[in-house]
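1. Sequence plus the predicted model coming up.
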Amino acid sequence: MEDLHLISVKSLEALISACRKGDRTAQRELFEALSPRMYAVCLRYAGSTDDAKDILQDGFVSVFSKLDSYSGSGSFEGWARKIFVNTALMHLRKNDALRMSDDITLARDLSAPESTPLEDIGYQQLLRLISSLPPDARTVFNLHVVEGYSHKEIADRLGIREATSRSKLQRARVQLQEMIKKLNGND
């Protein structure tokens, strides 16, 4: 099956319609078209490939069960992506990986280095570094930097204060910068 972006709107509508009727072949086609991009989303939130696969599977169960709620307006991939992000957050909550502290005094003491030497680091390496962050910092980093959520939206979704979201993001950035420095031999 081709990538979801290469499917015409008419074909996508027909595929979604067939999936709504329980057509297993259509469901497989939709899975094959969406899974590479959604797996990347899951991997950013998960601590391991096994967790990412679990989130991916749970996400597709949700997508197929909620297909009737997709109105057809807007991007189908964007609609599905929200489901996968929510599934990842539920997975992290279930595993108690989002235990957040409201201690923001430490964040005030953290300061970002002057420069960020990203020149020598590749995309896959950066993803590995992000995945090595503690689950709470990784989650806030992904929601804010990758997904574009505001600190207020993150706080609402995770049940934390906005200040805690900012603190976790700052810590994640500092940790990433330190890891990048070590990779570049600037420790």
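-> Good, I have the coordinates.
2. How about the secondary structure of residue 160?
-> At residue 160 the chain is in coil, as set by DSSP: H, G, I helix; E, B strand; the rest coil.
3. For it, grab phi and psi.
-> When read as degrees, to the nearest 10, the backbone of residue 160 gives phi -130, psi 180.
4. Point to the residue nearest the middle of the chain.
-> Nearest to the geometric centre of the chain sits residue 41, at 4.2 Å (C-alpha atoms, centre = their mean).
5. does it belong to a helix or a strand, and which?
-> Take DSSP states H and E as the rule and residue 41 turns out to sit in helix 24-45.
6. Could I get the buried residue list for that helix?
-> For helix 24-45, burial by neighbour count (16 or more other C-beta atoms under 10 Å) applies to 26-27, 29-31, 33-35, 38-39, 41-45. C-beta coordinates here come from the backbone N, C-alpha and C atoms, glycine included.
7. Other residues contacting that helix?
-> Residues from elsewhere that reach helix 24-45 (C-beta atoms under 8 Å, 6 or more residues apart in numbering): 1-4, 7, 15-16, 18-19, 49, 51-53, 55-56, 59-60, 63-64, 77, 80-81, 84-85, 87-89, 91-92, 127, 130-131, 138-139, 142, 146.
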